[in-house]
Structures are given as C-alpha cells and as structure tokens.
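**Student:** Build me a structure from this.
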Amino acid sequence: GIWLGLLKWSMQYNDGTQPSNLSRTLSPEDKLFLERVMKESIKDEVKVLTQCYEILQEQLQCFEPEHEEQMTNALIEIQDITEQIDMARTFLKIGGPNLLLRLILERKFGGSVRKQAAICVSTICQNNIACQDEFIGEVRELIMVISDESENAALKAKVLGSISAIVRNHLKGFELMRSEAGVEMFKQCLGSGDSALRSKAVFLMKATVMSDDDFKDRIPIEATTASRFRELALDCIEISKVEKSNLTLARNICEFLVACIESDAKLVLENEDRFKSVVEVINSIGDDDLAQTYGNAIETA
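**Tutor:** Have a look, this model is predicted:
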C-alpha cells in the first residue's frame, strides 16, 4: 500500500549511512518522481483479487491443463492478499469459499492447484471467526479428501491444515472434531505413516483436547468418542517411539498425551507402563520443562 511505497522510496535514497536533510524542500522533479514510485508500488488489491477469482472461475467452467501454472499463481496472489483480515472477508463476499472448495475437491485439477487452494483456506480462516463461520459447513467434505486412500499424503496434509484453521477455537468446529467423523479422521492420519500428516493431526488433536473450558462445558463427549480418544493416545505412544527424531511431532505427541492424562486419569492407571515409556522420548527432545510437566501429570494421575 501507500506505506510500502514510501518505504521503498526512502530506502532507495537514504540507506541510513548518511545523515538525512529533513529541512530540504523537494523540487518539482523530486515530487513527480515520488508520485511515480508511489503509483508503481501501490496495487488495487480488490481489483487484483477479483481478477484472480475470475481466472479461477473460468477454469472451473472449462479447465485447460496448460493453464494450471496460471491458476496456481492466481491462488498465490489470493493467499498473499487475504493475509489481511479485511481482504479475507472481501474474498468471501465475491464467492471465495465455494471457489476454493471446488478447486480442492475436483480431481481434474493438478496437485499444485489443489494444495495451493487448501493453503488459501488456511490463510483466510486463521484467527478469523467470520471466515471460519463461512467455511465450517464444508469441513465434512474436506474430511472426505483425507479419507480417500487414493489421494496423496502431501495433499492430505495441506487439507488437514485448512481444516485445522477452520475449526480451532470454533465451537461447531470442536464439536465436529470430537465427533465420530473427527476421531476417524485422526485415526486415518496417524495410520498413514506420513510424518507431516501425522504431525498436523496430533497438533489438531492436542488443540481439541486442550480447548477452553467454556468449549468443554458446551460440547458433550459421548462415551464411545471418549474411548476412541483413548485409542488415539495409545497409538501416539507407539508412534512417538518410531518418530522421536522428528522433534516437532514428538513434542506435539507428548503435549497431547499430557492433555489426555489431565482429562482422563484412568487412562494412565490402565496403561501405566506404556505412558512411562514416553519419558525416554521426552528425554531425547531435551526439553526439561516438558519432561517435568509430563512427569507431574503421570504422578498426579
């Protein structure tokens, strides 16, 4: 915007190594030059957003594979612009949710387009409750992508990232993650063998279990679903031993297990040896605070 234009101009003509002459009056030539630089640095983001939407909408109607790179670039532009909360909401008004969902779901589009569309959803919904509200009704369809064994793990990881952005800190989102559909999705991700997909799944599982007390009080967890979360916790114990070199995944697993212990002490009593075996994994991470938190959780249980 205007401030970026000013920054570029000022940095070009004063790099900070020489004192600036603040009292100098700009000459007419300097003013014209500054105006030109400002115009070149500023783009009409609403116009660009609309143009990108139209490019993608046209390909939805009549897809031509040779335009896939153009589609991907348009989506990258949308991602960049919608990092601004107001622009994300503007994109909703011109039909963005339906467009992105179709790009993700329709297999005729290449992996780069589908993955970038999922990244756009993540960007738009990140900490933006109004946008989450618009996308929340599409989560079940996105889960179907993860459930499809013929889809590749890289796409599934991006789609799971978009689901995570939609449901975190959202009441209906957490309801869905704690439902049978949500738990089954987590189970499939953990069983995929793909580290990136597993890591994103455990991160969302942790967020689901550790959700605010206000959410916990308003979201009843049926006995069957609670039992399935216990199964997920035990699955994670075994995965932690295999994936302990993946520090991000190992840390997320340990934090998820702490949350499970705190919400279900009986889980530890029935599987004490298995939970204690995770201490070795925590020691390999080298995080003393996490080790102490986990140890305290085990002792308290």
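**Student:** now for the lengthiest helix in the chain, which elements pack on it?
**Tutor:** For the chain, the longest helix by residue count, based on DSSP state H, is helix 223-242. Contact here means 3 or more Cβ pairs under 8 Å, 6 or more residues apart in numbering; DSSP states H and E; on that basis helix 223-242 packs against helix 180-190, helix 195-209, helix 247-263, helix 272-276, helix 278-285. C-beta coordinates here come from the backbone N, C-alpha and C atoms, glycine included.
**Student:** and of the ones you listed, who's closest to M87?
**Tutor:** Distance to M87, taken as Cβ to Cβ, is lowest for helix 195-209 among those, at 25.5 Å.
**Student:** Tabulate the CA atom coordinates of that closest one in PDB.
**Tutor:** Presented in PDB, the C-alpha positions along helix 195-209 are these (Å, rounded to 0.1, in the frame of the first residue of the first chain):
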ATOM      1  CA  SER A 195       5.300 -37.700   9.300                       C
ATOM      2  CA  ALA A 196       3.900 -34.400   8.000                       C
ATOM      3  CA  LEU A 197       0.300 -35.700   8.100                       C
ATOM      4  CA  ARG A 198       0.800 -37.200  11.500                       C
ATOM      5  CA  SER A 199       2.300 -34.000  12.900                       C
ATOM      6  CA  LYS A 200      -0.600 -31.900  11.700                       C
ATOM      7  CA  ALA A 201      -3.100 -34.400  13.000                       C
ATOM      8  CA  VAL A 202      -1.500 -34.600  16.500                       C
ATOM      9  CA  PHE A 203      -1.400 -30.700  16.600                       C
ATOM     10  CA  LEU A 204      -5.100 -30.600  16.000                       C
ATOM     11  CA  MET A 205      -5.800 -33.400  18.400                       C
ATOM     12  CA  LYS A 206      -4.000 -31.600  21.100                       C
ATOM     13  CA  ALA A 207      -5.900 -28.400  20.400                       C
ATOM     14  CA  THR A 208      -9.200 -30.300  20.500                       C
ATOM     15  CA  VAL A 209      -8.400 -31.900  23.900                       C
END
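**Student:** Okay, angle between that helix and helix 247-263 too, please.
**Tutor:** Relative orientation of helix 195-209 and helix 247-263, computed by axes from the mean of the first three to the mean of the last three Cα atoms, to 10 degrees: 30 degrees.
**Student:** about what we covered before: which stretch among the helices and strands packed on helix 223-242 is buried most, on average?
**Tutor:** The highest mean neighbour count among the helices and strands packed on helix 223-242, using mean count of other Cβ atoms under 10 Å, belongs to helix 195-209: a mean of 23.
**Student:** Just the residues contacting that helix, thanks.
**Tutor:** Applying Cβ atoms under 8 Å, 6 or more residues apart in numbering, the set of residues contacting helix 195-209 from outside is 153-154, 156-157, 160-161, 163-164, 167-168, 174, 177-178, 182, 185-186, 189-190, 192, 229, 232, 236, 239, 243, 246, 248-249, 252-253, 255-256, 259-260, 263.
**Student:** in the stretch 101-250 of the chain, which segments are predicted with low confidence?
**Tutor:** 211-226 (pLDDT under 70).
**Student:** give me the element the residue nearest the centre of the chain is part of.
**Tutor:** Nearest to the geometric centre of the chain sits G161, at 3.8 Å (Cα atoms, centre = their mean). Assigned by DSSP states H and E, G161 falls within helix 153-167.
**Student:** Quick one: closest of the helices and strands packed on helix 223-242 to Q84.
**Tutor:** Q84 lies closest to helix 195-209 among the helices and strands packed on helix 223-242, at 24.4 Å (Cβ to Cβ).
**Student:** so how far is the closest one off the chain centroid?
**Tutor:** Offset of helix 195-209 from its chain centre (Cα atoms, centre = their mean, to the nearest Å): 11 Å.
**Student:** report the angle between the axes of it and helix 180-190?
**Tutor:** Using the same axes, to 10 degrees: helix 195-209 against helix 180-190 is 150 degrees.
**Student:** tilt between helix 195-209 and helix 153-167?
**Tutor:** Interaxial angle of helix 195-209 relative to helix 153-167 (the same axes, to 10 degrees): 20 degrees.
**Student:** thinking again about what came up before, just the CA trace of the longest helix of the chain, in PDB.
**Tutor:** Extracted in PDB, the C-alpha atoms of helix 223-242 (Å, rounded to 0.1, in the frame of the first residue of the first chain):
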ATOM      1  CA  ALA A 223     -18.600 -42.400  25.900                       C
ATOM      2  CA  THR A 224     -17.800 -44.000  22.500                       C
ATOM      3  CA  THR A 225     -15.900 -41.000  21.300                       C
ATOM      4  CA  ALA A 226     -14.000 -40.700  24.600                       C
ATOM      5  CA  SER A 227     -13.000 -44.300  24.200                       C
ATOM      6  CA  ARG A 228     -11.700 -43.600  20.700                       C
ATOM      7  CA  PHE A 229      -9.600 -40.700  22.000                       C
ATOM      8  CA  ARG A 230      -8.000 -43.100  24.500                       C
ATOM      9  CA  GLU A 231      -7.200 -45.300  21.500                       C
ATOM     10  CA  LEU A 232      -5.600 -42.300  19.700                       C
ATOM     11  CA  ALA A 233      -3.500 -41.600  22.800                       C
ATOM     12  CA  LEU A 234      -2.200 -45.200  22.900                       C
ATOM     13  CA  ASP A 235      -1.500 -45.100  19.100                       C
ATOM     14  CA  CYS A 236       0.500 -41.900  19.700                       C
ATOM     15  CA  ILE A 237       2.700 -43.600  22.400                       C
ATOM     16  CA  GLU A 238       3.800 -46.200  19.800                       C
ATOM     17  CA  ILE A 239       4.300 -43.500  17.100                       C
ATOM     18  CA  SER A 240       6.400 -41.400  19.500                       C
ATOM     19  CA  LYS A 241       9.000 -44.300  19.700                       C
ATOM     20  CA  VAL A 242       9.300 -44.500  15.900                       C
END
